[in-house]
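S.K.: Below is the sequence, then the predicted model.
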Amino acid sequence: MKVNLQSVNFNVDQKLVNFTQAKLDKLENHFSRIIYADVFLKVMNTSGKENKITEILLSVPGDEFIIKKINKTFEEGVDECVSSLERQLRKRKEKLNAHV
């Protein structure tokens with residue numbers, strides 16, 4: 001799976017890139033036909049602690065899933081997005097298997 005990572009308002013650390021890649025690679029265990037993932041990491045200019053937006057667009061044949069989370073850290077955001085995507089991919093796989 002190809003992962004495109006874009007950071008807005010900051011420079012991304014290589015550890016965060018590797019962490020995100022590893023988490024997204026685990027999604028292929030649930031659904032093998034993932035085409036690509038676009039990951040957007042943004043920092044809002046607010047005084048609040050939860051100012052980091054993690055947005056993941058996952059493309060599969062015939063559909064796209066978009067998950068957006070706001071957290072204190074990008075790692076938390078990636079974790080939450082990936083767990084939401086796992087649930088959605090499981091539902092899609094069950095739906096596809098029901099039609100076969």
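M.R.: Happy to help now that I have it.
S.K.: C-alpha from now on. contacts and neighbour counts both.
M.R.: Fine.
S.K.: Surely residue 82 touches residue 22?
M.R.: No - Residue 82 is beyond contact range of residue 22, at 10.6 Å (criterion: C-alpha atoms under 8 Å).
S.K.: So the two - more neighbours on which side?
M.R.: For residue 82 versus residue 22, neighbours defined as other C-alpha atoms under 10 Å are more numerous around residue 82 (20 against 11).
S.K.: per-residue confidence at the more buried one?
M.R.: pLDDT recorded at residue 82 is 95.
S.K.: ok, it to residue 28 distance?
M.R.: Residue 82 sits 11 Å away from residue 28 when distances are taken as C-alpha to C-alpha, to the nearest Å.
S.K.: Tell me the spacing between residue 74 and residue 65.
M.R.: 19 Å.
S.K.: Looking at the two, which one has more neighbours?
M.R.: residue 74 (21 against 14).
S.K.: In contact with that one, which residues?
M.R.: 16, 41, 52, 53, 54 (C-alpha atoms under 8 Å, 6 or more residues apart in numbering).
S.K.: out of these, which is most surrounded?
M.R.: Highest neighbour count within those: residue 54, with 25 neighbours (other C-alpha under 10 Å).
S.K.: ok now the helix or strand that contains that one, how far from the chain's centre?
M.R.: Take DSSP states H and E as the rule and residue 54 turns out to sit in strand 52-60. Strand 52-60 has its average C-alpha position 4 Å from the chain's average C-alpha position, going by C-alpha atoms, centre = their mean, to the nearest Å.
S.K.: Likewise for stretch 76-89?
M.R.: 6 Å.
S.K.: Run through who's touching it.
M.R.: Under C-alpha under 8 Å, 6+ apart, the answer for stretch 76-89 is 20, 23-24, 27, 30-31, 52-56, 65, 67-71.
S.K.: In helices, which of those fall?
M.R.: 20, 23, 24, 27 (DSSP state H).
S.K.: so which of those residues would you say is closest to residue 9?
M.R.: residue 20 (18.2 Å; C-alpha to C-alpha).
S.K.: ok, back up a step: now the contacts of residue 74 as CSV including distance to residue 97?
M.R.: Below are the contacts of residue 74 laid out as CSV (distance: C-alpha to C-alpha, whole Å):
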residue, distance to residue 97
16, 35
41, 34
52, 37
53, 34
54, 31
